[in-house]
Structures are given as structure tokens and as C-alpha cells.
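1. Got a predicted structure plus its sequence, pasted below:
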Amino acid sequence: MIHAYTGAAVRAAESPLLRAGQGAALMRRAAWGLARVVVRELRSHGPVAGATVTALVGTGNNGGDALWALAFLRRRGVNAVAVPTGERIHEAGLAALRRAGGRVADQIPVDAVMLIDGVLGTGARGGWEPPLVPAGITVVACDLPSGVDAETGHVAGGVIPADLTVTFGALKTGLVVGAGAQAAGRVEVVDIGLGTYLEESDVSSLERDDALAVFAQPAWDDHKYSRGVLGVCAGSEQYPGAAVLVCSSALASGLGMVQYAGPRRAADLVLTAHPEVVAGSGVEGKAQAWVAGPGLGSDDDARSRLAAVVDACVDGGLPLVLDASALGLVTLDHLSRLRSAGCEVVLTPHQGELVKLVDRLAPHLAGGFADLVKADPVAAARRTAGALGVVVLLKGSTTVSAAPGGRTLVQNEGGPELATAGTGDCLAGLVGSTLVRTQHGGLSATVEKAAAAAWLHGTAGSTTASGGPFGASSLASAVRHALTDR
Ligand SMILES: NC(=O)C1=CN([C@@H]2O[C@H](COP(=O)(O)OP(=O)(O)OC[C@H]3O[C@@H](n4cnc5c(N)ncnc54)[C@H](OP(=O)(O)O)[C@@H]3O)[C@@H](O)[C@H]2O)[C@@H](O)CC1
Ligand SMILES: Nc1ncnc2c1ncn2[C@@H]1O[C@H](COP(=O)(O)OP(=O)(O)O)[C@@H](O)[C@H]1O
């Protein structure tokens, strides 16, 4: 599990140390860590001594870090050049650079092989417009790529995409969400001794082993019912393929049985693809959790099929995933009955679906929500989860899974190749699969299951993308592959 903290939390952790007069020591520790990483990167490409490394140096402590790092690099024989970007500069850092023999210039030197982005860190307010950066130069961001909001990952103006970000004290939320995660490149954390002062993390990410633990292999004495039976209420005469996609991904994730409930045309397609599915038109059966929504449509038939699934879940206290069409049909009454019956409920909207859902079911949140979803998906998912009392898995370049209590997991395994019709249906099948295979552990455990599904989905997407462009029906085999190699 990887944990990330808000910029504010990291600053709060620093403050007792600053009060104790250790500010300069903290900065030197951070800069030393940054310089070590730069040396390692230089060495992997050629000689360190004589290489030109430049830094864009802002007006605050982020610029101070960059200046100190240049000073350390100069002592290692690097041609260290600071390029100030503002009217002010960190005086002690500048003095250190000058003492070490480094210089100041007003432009990035033409022979620079590496650029340290030390303009803005956790103190950035709003956006900035970076200068043009020469093509081919390796960019190392100091703490954060300048212009990334440490709290949200939002980029309000421009940003210099980094090959590598060296961040200090702890991983920041802005480095693992949305545009910030994209701009950061590889991220390395330098320990500057904040550990004991850091409070609870803001968001976390599952790593491979965490996710694989959710998709546990069967025990020797398992049978199909103990491995889990997933009910799927998806597809319609108009959109039959969605039913196949949900069933395929669920089966590929290795559960005991998939039971399909839907109209003839969709059921026939499902059975042609997967004869092992138990198909019928109604929701009766042995399902231990349900997925409802993909391809249901929005007519009366869709409404009554969803109502039947909600009734079955309420009666049996069963977990339920609501995706796609179901997000436009679900009512506050459904959610309230499901909550009262103690059902685990996961909603899996993309951004547009979330905005519509909030408009309809939580209008008190709706003002400015469309902007919030883009600028701060973590907050948007958290607020919705809190308002509706369910787990919300918000899809996008970062998949955010939030529980009503605030526990939030963010996953970034998948790339934009996943933005193709039907991949969300596959994800719904995987989330359903996680909900049948483990016992109740409260919504805090449910959010982890949702994130494990996102991990598997993103990993499968990236593997499939490495073979060229793909459609959603190719994902299932990569899901199996991701679960094979353990
Ligand atoms: N505390 C510590 O001991 C340690 C801190 N550490 C380091 O300090 C960093 C935080 O430093 P910080 O608080 O000085 O903020 P920072 O990110 O440099 O930016 C503030 C400056 O930028 C300016 N500015 C703001 N927005 C702007 C914009 N849009 N466009 C242009 N300018 C803008 C703002 O100007 P002002 O608005 O005040 O005029 C101010 O001058 C942190 O990320 C880490 O690297 C580490 O060394 C560990 C020890
Ligand atoms: N730019 C992106 N980077 C990574 N993943 C993405 C990106 N765009 C979409 N995805 C993923 O692709 C899936 C698309 O789901 P969805 O929009 O529901 O599609 P559909 O309804 O067609 O099945 C989601 O899991 C989402 O997280």
C-alpha cells in the first residue's frame, strides 16, 4: 500500500521542526536527496563531472531546495547553472551555490542535459506559464512539477512534464491524482525525517500484492458456491454486448459461477461466448452479489429489472454494483433500503455520470460540481460517497474509490487506451467479482475491493495496450494473465 499526504499535512509535519530551528537542515536534507538522484541519473547516461545541469529557480523554498541541490552537484564536478524565474531568490541557497562555484544565467544553457524544475512546490497558488524547455533534456521536478496543486493534482496553468519527480518527506496527493500524476513521471520520495510528525494519509494506492490478495486463489476445499456466485443484470435487446463484457471479465477474474439475468438476445450472446454462465430472464438464483446497469437502457423494462435486483439484494443483504444505465435509474429510496439492509453498494460512474447523479440525488452538492469533478476528483467522489452512504468508484485517468467515511484509494495503472467503449462494463464485472469473494468488512473493506478491481482493470488495460490498439472484448484475457503470474 502506498500512502500520500496533502501538501498542507506535510507542511504541518514540518512545522514543529521549523519551530525547533531545523528549517535549514531540512532543506539541505531535501536538496542532498535530490542531488543524489540527479547524480545517479547522470551516471546512467554518461560522466557526471562536466555535465551541465540547470535549474529553474522560483522565489520560495522550492527554489531554495534547487539552489542547494545545484551547490551539492557543483561540488561533484557538475557544471551547475541556476536560472531564476522571479524577482526574489532564496538568499542562503544562492550563497551556497556561489560558494561552490556554480553560476547564475538568464536562460537555460544550450549544453544542459538535465533540468531541475524548482519554481513552485507546495506553496504554489494557481497556475503559471513555464518557459520553453529544450527538447530531449531530462526534467527532474523538485518536490512537485511546478504548477501541480499538491492537494488535488489539478494543473491550473502550464506545467513542465517531468521524467522524474523527487519529492520530500512524503508522497503528495497531487502526485498520484489526474494531471499531477501524469506530469510527475516516476516519483521518488526522499526521507527528510518527517515520519513521526505525519498524521493520517490523505489517499492511498493498492500495490500489486494488495490487489492480488483480494483476488485470492481458491483454497483446496473450495467449491463453486464458496468461490462466489455473481449475478449480472446487464444488456438489453438494444445493447446486448454489455452483458457479454460484464460476464467475460467476471469469469476471467476467477469466481465460482456467473448467473445472467436478461432478455433472450443478450442471454444467447452470453451463452455463445460462455456456455458456463447460468442464464435466465429473472433474478432468482444463488447470486451472492449483483452487478446491475451496463447496457440496461432507460425504458420501463430497464427500470423494473433494476428494481428486481434491488429487491433481491435488500432481501438477501447482498452487495450490489450499480454502473452505467443503473446510475440514471437508481433512486434515493433504493439506496436507503439497501443501506438499511446492510448491503455493500458500489456506484461506478465516470465524470459525466457522477455529475448527473449528484444533480438528481444530492442536489445540495450540485453547485459547481461539474468543475469540482475535473479539478478535484477525490473531493467529488468523497462528497458523493458521504451524501449517499455508498462507495463511489469514480472512473477516469485516475480511478478514485471513496467510502462514506472518507477512506479513499486512487489507482493509476491504466492508460488512455482504456478509453474505448465497453471497458467500463468490464470494470463493473470485476468490481462485482471482488464483492462475492470476500466476506463483509464494512464499507472500508468494500472500497479496497473496488480499488483492487481498478488495479486489475488498469493492469489488464496496460498489458493489452502494449500489443496495439484494442477493444473492450480483449480485456478478459489480460485479466487472466494478470492473475496468472503470481
Ligand atoms: N518548509 C521547509 O522547511 C521545507 C520546505 N521544502 C520545500 O519548500 C517548498 C515549499 O516552499 P514555499 O512554502 O516557500 O513555497 P514554494 O512552493 O516555493 O512557492 C512559494 C513561492 O512561489 C510564489 N508563487 C506562488 N504561486 C505562484 C504562481 N502561481 N506563480 C508564480 N509564483 C508563485 C510565491 O510568491 P508570493 O505569492 O509569496 O509572492 C512564493 O515566493 C516545498 O515544496 C519544498 O520544495 C523542503 O525544502 C523541505 C523543507
Ligand atoms: N485517459 C484515461 N486513462 C486511463 N483510463 C481511462 C482513461 N479514460 C477512460 N479510462 C478508463 O476506461 C474505462 C471507461 O469506462 P466507461 O466510461 O464507463 O466506458 P463504457 O461505458 O463505454 O464501458 C474506465 O475504467 C476509465 O477509468
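-> Arrived safely. Residues are numbered from 1 along each chain as shown. Ligands and ions are numbered 1, 2, ... in the order given.
2. switch to C-alpha atoms for all contacts and neighbour counts from now on
-> OK.
3. And the pLDDT at Arg437?
-> pLDDT recorded at Arg437 is 78.
4. check contacts around the nearest residue to it once chain neighbours are set aside.
-> For Arg437, ignoring the flanking residues on the chain, the nearest one in space by Cα to Cα, 6 or more residues apart in numbering is Gly228 at 5.4 Å. Contacts for Gly228 were tallied using Cα atoms under 8 Å, 6 or more residues apart in numbering; they are Leu255, Gly256, Met257, Ala287, Gln288, Ser433, Val436, Arg437.
5. Which one of those residues sits in the busiest neighbourhood?
-> Across the contacts of Gly228, neighbour numbers were computed from other Cα atoms under 10 Å; Ser433 holds the maximum, 38 neighbours.
6. Remind me which helix or strand that residue belongs to.
-> Taking DSSP states H and E as the definition, one finds Ser433 inside helix 423-437.
7. Name the residues that touch that helix?
-> For helix 423-437, the surrounding residues in contact (Cα under 8 Å, 6+ apart) are 214-215, 226-230, 242, 245-250, 253, 255, 288-291, 294, 319-324, 348, 446, 449-450, 452-454, 456-457, 471-472, 475-476.
8. got it, and stretch 281-288?
-> Residues from elsewhere that reach stretch 281-288 (Cα under 8 Å, 6+ apart): 228-231, 233, 258-264, 308-309, 312, 318-319, 436.
9. again, but for stretch 465-485
-> Under the contact criterion Cα under 8 Å, 6+ apart, stretch 465-485 has outside partners 212, 215, 245, 248-249, 252-253, 417-418, 420-423, 426, 456-457, 459-461, 463-464.
10. Give me the distance between the two termini of that stretch.
-> Terminal residues of stretch 465-485 lie 18 Å apart, using Cα to Cα, to the nearest Å.
11. Give the buried residues for that stretch.
-> Going by neighbour count (16 or more other Cα atoms under 10 Å), the buried part of stretch 465-485 is 465, 471-483.
12. now swap in stretch 303-318 and tell me
-> Applying a neighbour-count criterion of 16+ other Cα under 10 Å, one finds 303, 305-314, 317-318 buried in stretch 303-318.
13. Centre of the chain to it, how far?
-> Relative to the centre of its chain, stretch 303-318 is centred 30 Å away, using Cα atoms, centre = their mean, to the nearest Å.
14. quick one: which helix or strand includes the nearest residue to Pro404 once chain neighbours are set aside?
-> Using Cα to Cα, 6+ apart and skipping residues adjacent in sequence, the residue nearest Pro404 is Gly386, 4.1 Å away. If you go by DSSP H and E, Gly386 is part of helix 377-388.
15. could you give the mean pLDDT of the helix or strand that that helix is followed by?
-> Per DSSP H and E, the first helix or strand lying C-terminal to helix 377-388 is strand 391-394. In this model, strand 391-394 has a mean pLDDT of 98.
16. so where's the stretch 251-400 of the chain shaky on pLDDT?
-> Of all residues in the stretch 251-400 of the chain, none has pLDDT under 70.
17. Identify the bridge partners of the closest residue to Val81 other than its chain neighbours.
-> Excluding its sequence neighbours, the residue lying closest to Val81 (Cα to Cα, 6+ apart) is Thr54, at 4.6 Å. Taking DSSP bridges as the rule, Thr54 bridges to Val81, Leu115.
18. Wait, Thr54 touches Ile108, no?
-> Yes: counting by Cα atoms under 8 Å, Thr54 touches Ile108, with 6.6 Å between them.
19. Now the common contact residues for those two.
-> Shared contacts of Thr54 and Ile108 (Cα under 8 Å, 6+ apart): Val83.
20. For the stretch 51-200 of the chain, which residues are neighbours of ligand 1?
-> Residues of the stretch 51-200 of the chain lying close to ligand 1 (Cα under 6 Å from any ligand atom) are 59-63, 65, 120-128, 143.
21. ok, of these, which come out buried?
-> Listed as buried from these are 59-63, 65, 120-124, 127-128, 143; burial here means 16+ other Cα under 10 Å.
22. how about the residue nearest to Arg437, phi and psi?
-> When read as degrees, to the nearest 10, the backbone of Gly228 gives phi 110, psi 140.
23. Find me the pLDDT at it, would you?
-> Reading off the confidence values, Gly228 has pLDDT 95.
24. and Gly254, what is it in contact with?
-> Gly254 touches Phe215, counting by Cα under 8 Å, 6+ apart.
25. Next up, identify which helix or strand it is on.
-> Using DSSP H and E, no helix or strand contains Gly254.
26. give me phi/psi at it?
-> Per-residue torsions, Gly254: phi 80, psi 70 (degrees, to the nearest 10).
27. The residue of the stretch 101-250 of the chain at minimum distance from ligand 2: what secondary structure?
-> Of all residues in the stretch 101-250 of the chain, Ala242 sits closest to ligand 2, at 8.0 Å by Cα to the nearest ligand atom. Under DSSP: H, G, I helix; E, B strand; the rest coil, Ala242 falls in the helix class.
28. and it, how many neighbours?
-> Ala242 has 28 neighbouring residues, counting by other Cα under 10 Å.
29. Please shift the residue numbers so they start at 717 in all later answers.
-> Shifting the count to begin at 717 puts that one at Ala958.
30. Double-check it against Gly1009; I have them as touching.
-> No: Ala958 is beyond contact range of Gly1009, at 9.0 Å (criterion: Cα under 8 Å).
31. Pull up the overlap in contacts between these two.
-> Joint contacts of Ala958 and Gly1009 (Cα under 8 Å, 6+ apart) are Ala950, Gly951.
32. Count residues in the vicinity of the closest residue to Lys1111 other than its chain neighbours, would you?
-> Closest residue to Lys1111 apart from its sequence neighbours, by Cα to Cα, 6+ apart: His1066 at 4.6 Å. Counted with other Cα under 10 Å, the neighbours of His1066 add up to 17.
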